[in-house]
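> Okay, predicted coordinates and the sequence, questions at the end:
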Amino acid sequence: MNIPDIITLIAIMIVGGYLLQNRIFCQHQKLSDIVKGLPYRSWVFGNIIAFRTELDFGALLGWHDTYGAAYTVRGCLGETRLVISDPAAFKFFFQNPYKFSRPPLDTLSSDLINGSGAVFSEIGPSHRRLRGVMDLAFRKYASSFQEGTDAVIQQWIDQCQWQNGRGEQGTINVQQALGKFALTESMHAVLGDTPESDSKKHTAQKMWIEHSSNILSELISKPTKRALIIERLAEALLPKTLLRIMLHLPEERLKRLHRFSKLNADFVNEILVNYESNQLGCSAEDDSDTTTSPKNNGSSTSIFSAMIQINEGLSKSQNKLTLRQIASQVPSMLIAGQDTVGNSLSWALYELASHPDWQERVREEIIAHARFSGEAECPEPFFRNEGLDSLPCLNAHIKETLRFYPGVPMFNRITLEDVVFPLAEPILSADGESKVTQILVQKGTRVHFNLAAYNKTRSIWGEDAGSFNPWRWLPTQRLSESEQGPVRVSTGLGPYANLSSFIGGARVCVGWRLSILLMQTFLTRCLAKFRFKLVENVGIRPIVTFTIFPALDNDEDSPSPSLPLGIEML
Ligand code: HEM
């Protein structure tokens, strides 16, 4: 018997046990009686193939238009899941985050990707304790990302010169450079340096960087059909200790997960070794390593060193984190910031290229407000970080990008107890007979929070919520009727611009301010140097994985992140 057969046999035996326990129908009957669901053909796979492995951005928004802000989808073997994008339900989740947990296998995979003890997997008091230190550290740390931006600009200038010998214009695939930029700059913020500054002491870090790009999309998003069934059965039947064993099944995806987990552990160990050697004063040959140098104890040269300082200042010893707990947050912060920021910047440039007049308007605003340094013939625009917030068009563009292409379009939870979601906008019941104003969801139900659809709620963003229109953020600056955006009704959701893109409450994205600063810095400097254009006959479409990345329209089978744009030097 070969390995796939053994797996299938085990699966069949588990199905038998599962059916015997009669847990398939009883748990979720009520939910699908109340809330309308997507039609499905197969009881075995329900809607899960369309929903999990072939998820299409258009469909994700289209289902919301058809079924409203709450509907059900079928998982494997009759499982019923709730998909929700209602503002009141979101608020309920933000206010009660610990009534939910990540699905067990997601948590275990996340432990492998982010390292165990990472903030993603913690709940309740240990999560609160971690976040207390992390949030303060992010607030305390302020950096400029100008150097990193200029490195990308120089790279693009060089590429243009290489393409036509004059360096005035060219076609550049911006996607790759932006992902790398987001990682390098997050690393700079989190650790205070980049590995180039000391090659010997950053071997594990370099290996980690090489394998981390797009890791979440690759590992989480496209399971095989067999894996989907096994996951479903295992989650329904096995305790967490046994689930851990499942992660050792001989599957390529899982093998990659373990390889990455090993890289993570090496990376965290290296951070600790470097820190301790600095503490012992063994840093004679590596003065450049400012990450956690005792010399810098007074000021926070990185989020990591800020976390250490804040932790040391905590009065009660039981609230303190260990050094390993702090170091263990580093990989997760870098993973969380990499594709989200990189893709958001890609979409920001794509939409600027798609709207040339608007692009000129944003550029004029930047030039008008920038201070200039450098050579008289070739001045460099620069802004202090505070100045970046006073550029209405630039910030409208960033908000609209994050609204339209939220870095995490949907996230999943399982209810840890029965919960009742209130609805701001009543939905029609499954039988079409009545209005539903709240939904009872039983313990153990999987809920998909559809951020992409919330961000397109018409009652908040108006009838044109489905179009990219940055003018909606500038009600007092409209130029003409045709550019008018709807007036937004604030429901106060999320930390930034009433968007759900960074979620909200206790689990709000810890890096949201950093992300905005990164985007503001990159776009101001880049737009002062380049004009971006769409490339003729090259179509771009959004691909939904755990994030949304741009891919070539004709890249059908296994689309990979790609965004070629025309670049003209100014
Ligand atoms: C445009 C950029 C970004 C977007 C749209 C974004 C979005 C999100 C979202 C939606 C979550 C919640 C996920 C969930 O609970 O399932 C989250 C969590 C998180 N994000 Fe971000 N993020 C961005 C950038 C960053 C950056 C730059 C960092 C760090 C440098 C970061 C660090 C984190 C961490 C550590 C969490 C987990 C928080 C917790 O569970 O308490 N993110 N982010």
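Thanks, I have the structure now.
> Run a quick neighbour tally on the residue in the chain that the ligand sits nearest to.
Evaluated by C-beta to the nearest ligand atom, the chain has G511 as its residue closest to the ligand, separated by 2.2 Å. C-betas here are computed from N, CA, C, even on glycine. The tally of other residues near G511 (other C-beta atoms under 10 Å) stands at 23.
> Tell me the spacing between it and E185.
G511 is 11 Å from E185, where distance means C-beta to C-beta, to the nearest Å.
> list the contacts for W208?
When the contact criterion is C-beta atoms under 8 Å, 6 or more residues apart in numbering, the partners of W208 are 263-264, 266-267, 331.
> and L352, what does it touch?
Residues touching L352, when contacts are defined by C-beta under 8 Å, 6+ apart, comprise 358-359, 362, 397, 527, 532.
> buried residues in whatever helix or strand T149 lives in?
When elements are defined using DSSP states H and E, T149 is found to belong to helix 146-164. Along helix 146-164, the positions that meet the burial threshold by neighbour count (16 or more other C-beta atoms under 10 Å) are 146, 148-149, 152-153, 156-157, 159-160.
> next one: stretch 441-460
Counting neighbours by 16+ other C-beta under 10 Å, stretch 441-460 gives 441-442, 444-457, 460 as buried.
> that older thread, for the contacts of W208, work out which two are farthest apart.
Put simply, by C-beta to C-beta the two of the contacts of W208 set farthest apart are D266 and P331, 10.4 Å from each other.
> okay, these two: which has more neighbours?
A count of neighbours by other C-beta under 10 Å puts P331 above the other of D266 and P331, at 26 against 15.
> name the element the more buried one belongs to?
In this assignment (DSSP H and E), P331 forms part of helix 329-354.
> and that helix, does that touch the ligand?
Yes: interface with the ligand: helix 329-354 contributes 332-333, 336-337, 340-341, 344 (C-beta under 6 Å from any ligand atom).
> Just the buried ones from these, in PyMOL syntax?
In PyMOL, the members of the residues of helix 329-354 next to the ligand classed as buried (16+ other C-beta under 10 Å) are selected with the following command:
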select buried, resi 332+333+336+337+340+341+344
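> mind putting the residues of helix 329-354 next to the ligand in a markdown table, pLDDT included?
Formatted as a markdown table, the residues of helix 329-354 next to the ligand follow (pLDDT from 0 to 100):
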| residue | pLDDT |
| --- | --- |
| S332 | 91 |
| M333 | 94 |
| A336 | 92 |
| G337 | 91 |
| T340 | 94 |
| V341 | 96 |
| S344 | 98 |
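> Show me the beta-bridge partners of P564.
In this structure, P564 has the following beta-bridge partners (DSSP bridges): N173.
> Number of residues surrounding it?
With other C-beta under 10 Å as criterion, P564 counts 16.
> Break down the stretch 151-300 of the chain into its strands, ranges please.
Assigned by DSSP state E, counting those that start in this stretch, the stretch 151-300 of the chain shows strands spanning 169-173.
> The helix or strand where I543 lies to helix 329-354, inter-axis angle?
Element membership for I543 (DSSP H and E) is strand 540-544. Orientation note: strand 540-544 sits at an angle of 150 degrees relative to helix 329-354 (axes from the mean of the first three to the mean of the last three C-alpha atoms, to 10 degrees).
> Which residues belonging to strand 540-544 are considered buried?
Neighbour counts using 16+ other C-beta under 10 Å place 540, 542-544 of strand 540-544 among the buried residues.
> hmm, it touching the ligand?
No: using C-beta under 6 Å from any ligand atom, strand 540-544 stays clear of the ligand, with a minimum separation of 13.6 Å.
> now stretch 204-216
No: contact between stretch 204-216 and the ligand, assessed by C-beta under 6 Å from any ligand atom, is absent, since the two come no nearer than 10.9 Å.
> Can you list phi and psi of K533 for me?
phi -130, psi 150 (degrees, to the nearest 10).
> and the nearest residue to it once chain neighbours are set aside, what element?
If you skip the residues right next to it in sequence, K533 has G566 as its closest partner in space, 3.6 Å away by C-beta to C-beta, 6 or more residues apart in numbering. For G566, the enclosing helix or strand under DSSP H and E is strand 564-569.
> quick one, that strand and strand 540-544 angle?
The directions of strand 564-569 and strand 540-544 differ by 120 degrees, with the same axes, to 10 degrees as the criterion.
> Give the buried residues for strand 564-569.
Of the residues in strand 564-569, those with enough neighbours to count as buried (16+ other C-beta under 10 Å) are 564-567, 569.
> How far off centre is it?
Taking C-alpha atoms, centre = their mean, to the nearest Å, one finds the center of strand 564-569 at 26 Å from the center of the full chain.
> and if you look at stretch 527-541?
A distance of 24 Å separates the centroid of the chain from that of stretch 527-541, by C-alpha atoms, centre = their mean.
> picking up where we left off before, can you narrow the buried residues of strand 564-569 down to the ones near the ligand?
The overlap between those and the neighbourhood of the ligand (criterion: C-beta under 6 Å from any ligand atom) is empty.
> how about the lengthiest helix in the chain: buried residues?
With secondary structure taken from DSSP state H, the chain has its longest helix at helix 252-279. Of the residues in helix 252-279, 253-254, 256-257, 260-261, 263-265, 267-268, 270-271, 274-275, 278 count as buried by neighbour count, 16+ other C-beta under 10 Å.
> Can you name the residues of the stretch 301-450 of the chain sitting close to the ligand?
332-333, 336-337, 340-341, 344, 406-408, 411.
> hmm, 8 Å instead?
For the stretch 301-450 of the chain, the contact set with the ligand under C-beta under 8 Å from any ligand atom comprises 303, 329, 332-334, 336-338, 340-341, 343-344, 402, 406-408, 411-413.
> where's the closest residue to L254 other than its chain neighbours relative to K91, distance?
The shortest distance from L254 to any residue that is not its chain neighbour, by C-beta to C-beta, 6+ apart, is 5.8 Å, and that residue is L247. Taking C-beta to C-beta as the measure, L247 and K91 are separated by 35 Å.
> Which one of those two is surrounded by more residues?
When L247 is set against K91 and neighbours are counted by other C-beta under 10 Å, the residue ahead is K91, at 20 against 17.
> helices and strands around the helix or strand containing the more buried one, which ones?
Element membership for K91, per DSSP H and E: helix 87-95. Packed against helix 87-95 by the contact rule (3 or more C-beta pairs under 8 Å, 6 or more residues apart in numbering; DSSP states H and E) you find strand 419-428.
> for the helix or strand containing L31, packing partners?
Here L31 is covered by helix 29-34, with elements defined by DSSP H and E. With contacts defined as 3+ C-beta pairs under 8 Å, 6+ apart, the secondary structure elements packing on helix 29-34 are strand 80-84, strand 435-441.
> just how off-centre is it within its chain?
Per C-alpha atoms, centre = their mean, the displacement of helix 29-34 from the mean C-alpha position of its chain is 31 Å.
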